[in-house]
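> what follows is a protein structure lacking sequence information:
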């Protein structure tokens, strides 16, 4: 887990939840489906989730 301030821990948990449900990169369609069930996310939150997914992909490509 990255070193995040306590206020952002929920974003890491949200990313992990979405990543575990995804078979590939987390797309806007998956985020939209999440929001349909759990409620809206702000543009900042969506951007962070997408950024974390990009970093995850880069790490997987580097190590795999």
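Yep, that arrived. Here the structure is a predicted model, which is why all the values come from computation and not from measurement.
> for the rest of this, base every contact and every neighbour count on C-alpha atoms.
Noted.
> the biggest helix by length in the chain packs against which elements?
Counting residues, the longest helix in the chain under DSSP state H turns out to be helix 43-63. Packing partners of helix 43-63 (3 or more C-alpha pairs under 8 Å, 6 or more residues apart in numbering; DSSP states H and E): helix 9-21.
> mind listing what's buried along the helix it packs on?
By 16 or more other C-alpha atoms under 10 Å, the buried positions in helix 9-21 come out as 11, 12, 15, 16, 18, 19.
> just checking, what packs against that helix?
Looks like helix 9-21 contacts helix 28-38, helix 43-63 (3+ C-alpha pairs under 8 Å, 6+ apart).
> so it versus helix 28-38, what angle?
120 degrees (axes from the mean of the first three to the mean of the last three C-alpha atoms, to 10 degrees).
> quick one: contacts of the longest helix of the chain?
11, 12, 14, 15, 19, 25, 26, 27, 31 (C-alpha atoms under 8 Å, 6 or more residues apart in numbering).
> okay, the residues you listed in a markdown table with pLDDT and distance to residue 59 next?
Output for the contacts of helix 43-63, formatted as a markdown table (pLDDT from 0 to 100; distance: C-alpha to C-alpha, whole Å):
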| residue | pLDDT | distance to residue 59 |
| --- | --- | --- |
| 11 | 92 | 19 |
| 12 | 91 | 16 |
| 14 | 94 | 19 |
| 15 | 96 | 15 |
| 19 | 95 | 14 |
| 25 | 94 | 13 |
| 26 | 96 | 15 |
| 27 | 94 | 18 |
| 31 | 96 | 22 |
